[in-house]
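Peer 1: Only the shape, not the letters, is given here:
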C-alpha cells in the first residue's frame, strides 16, 4: 500500500468555466474522485462496508494557485494525514505535468458514519490500518 496515491487525467472541455479554464467546482469533483480511487485501492472501501459504515464530507478547503486548461495532463495526488475519533483529514495536490506547476492544493475532513443511523462512530482499527498516514514533512 502506497501512502500517497496518484492518478493522472486530462482536463476536459466539460470542466471549463466562462474564463476558459477548469472551474473551481471541477476540483471538488476531482478531489472526491481521487479519494474514492485511493479508498478502493487501499481496501478502505471494503473495510468500511464490512463495518456497516460510510464516509461523508464535513468540509473542503482548496487553494487555487494556477489555472488548468483543456488538454492539460494533471497528476492528482492524495494522502491521509490523520485519524481522529470519527474524522479523518485527507490532503490533495494537483500538478500540471508539462511544466510541473502546482495548480491547487486542498484538504477534506471526512466523517465516518454508521450507515443505518447516519451518526458519527469511532473509526475502527480495521479501517485505519488500510492507510499509512503521511506526516507533514513527508507530504509531496
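Peer 2: Thanks, I have the structure now. Model, not experiment: these values are computed from the prediction. Numbering: from 1, shown residues only.
Peer 1: any chance you could map the helices in this structure?
Peer 2: In the chain, the helices defined using DSSP state H lie at 24-42, 44-50, 125-128.
Peer 1: Distance check, the spatially most central residue of the chain against residue 68.
Peer 2: Residue closest to the average C-alpha location in the chain (C-alpha atoms, centre = their mean): residue 35, at 3.6 Å. Noted for residue 35: a distance of 19 Å to residue 68, by C-beta to C-beta, to the nearest Å. Every C-beta, even on glycine, is put in place using the N, C-alpha and C of the backbone.
Peer 1: try residue 123
Peer 2: In terms of C-beta to C-beta, residue 123 sits 33 Å off from residue 68.
Peer 1: Same question for residue 117.
Peer 2: Remark: distance between residue 117 and residue 68 (C-beta to C-beta) = 39 Å.
Peer 1: and the two? which has more neighbours close in?
Peer 2: The residue with more neighbours, out of residue 117 and residue 68, is residue 68; 23 against 9, by other C-beta atoms under 10 Å.
Peer 1: Per-residue pLDDT of that one, please?
Peer 2: pLDDT for residue 68: 98.
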